[in-house]
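**Q** I'll drop the sequence and a predicted model, then ask my questions.
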Amino acid sequence: MATVYVSVGSNVDRENNVRQCLDKLRQIFGSVQASTIYQSAAVGFQGDDFLNLVVEFDTGLDVYAVIAQLQNIEAQQGRRRDGDRFSSRTLDLDILLYDNLILEETGLKLPRPDILRYAFVLCPLAELAGERRHPVLNSTFYELWQVFDNPTERASLRPVWLNLNG
């Protein structure tokens, strides 16, 4: 079994899409742990604020099968892949870690570089997996969050309460 961490983001019908996403993840993967949900400003474009969180689950599927499942969930939630890279999203699911796999190929890099780039990824990951070590840097995610050097982005994260039961 592999432990997988996935970032979840939505800024279109965001509460509904996050709820449905978590339900679908649980249907596919069973037990799913979720971080606090954070509201953050859109990055790279003008748009409504996002809801972001990180989820953790264990699976016997290989990394490519996990990605296929995530893309299927995105498609079910109305995600279109033919638009701009930085645009509003019904649902954005990005695999951050697949155990300690280090992988670099066209369109896929693990651990995902966004972990070190965006507060809305690193903060909830550090909350969920604070003692886990980054497979390349060997620092814990808690340590990486403590030295995250973007005060504006860090300050813009706002925890939100969302009833995930519908």
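**A** Nice, I can see it.
**Q** strands along this structure, start to end?
**A** Shown for the chain, the strands assigned by DSSP state E span residues 2-10, 33-34, 37-40, 50-59, 92-98, 103-105, 108-110, 158-160.
**Q** can you list the low-confidence ranges for the protein?
**A** Low-confidence segments of the chain (pLDDT under 70): 45, 79-87, 164-166.
**Q** remind me, longest helix of it?
**A** helix 14-29 (DSSP state H).
**Q** re earlier: using CSV, lay out the strands of the chain together with mean neighbour count and distance to Tyr142.
**A** Using the backbone N, CA and C atoms, a C-beta is placed for each residue, glycine as well. Output for these, formatted as CSV (neighbours: other CB atoms under 10 Å; distance: least, CB to CB, whole Å):
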stretch, mean neighbour count, distance to Tyr142
strand 2-10, 23, 14
strand 33-34, 16, 16
strand 37-40, 20, 16
strand 50-59, 22, 13
strand 92-98, 21, 15
strand 103-105, 8, 24
strand 108-110, 15, 20
strand 158-160, 13, 17
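**Q** can I get these in TSV with distance to Gln69?
**A** As requested, the strands of the chain are arranged in TSV below (distance: least, CB to CB, whole Å):
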stretch	distance to Gln69
strand 2-10	10
strand 33-34	17
strand 37-40	21
strand 50-59	9
strand 92-98	9
strand 103-105	17
strand 108-110	15
strand 158-160	26
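**Q** quick one, which of these gets closest to Gln71.
**A** For Gln71, the closest of the strands of the chain is strand 92-98, at 7.6 Å, according to CB to CB.
**Q** same for that closest one, what does it pack against?
**A** strand 2-10, helix 63-76, strand 108-110, helix 114-117, helix 119-129 (3 or more CB pairs under 8 Å, 6 or more residues apart in numbering; DSSP states H and E).
**Q** dump those to TSV, plus distance to Thr140.
**A** Output for those, formatted as TSV (distance: least, CB to CB, whole Å):
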stretch	distance to Thr140
strand 2-10	14
helix 63-76	22
strand 108-110	18
helix 114-117	12
helix 119-129	8
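**Q** and those: which comes nearest Tyr38?
**A** helix 119-129 (5.8 Å).
**Q** what angle separates that closest one from strand 92-98?
**A** 50 degrees (axes from the mean of the first three to the mean of the last three CA atoms, to 10 degrees).
**Q** chain center to helix 119-129, what's the gap?
**A** 9 Å (CA atoms, centre = their mean, to the nearest Å).
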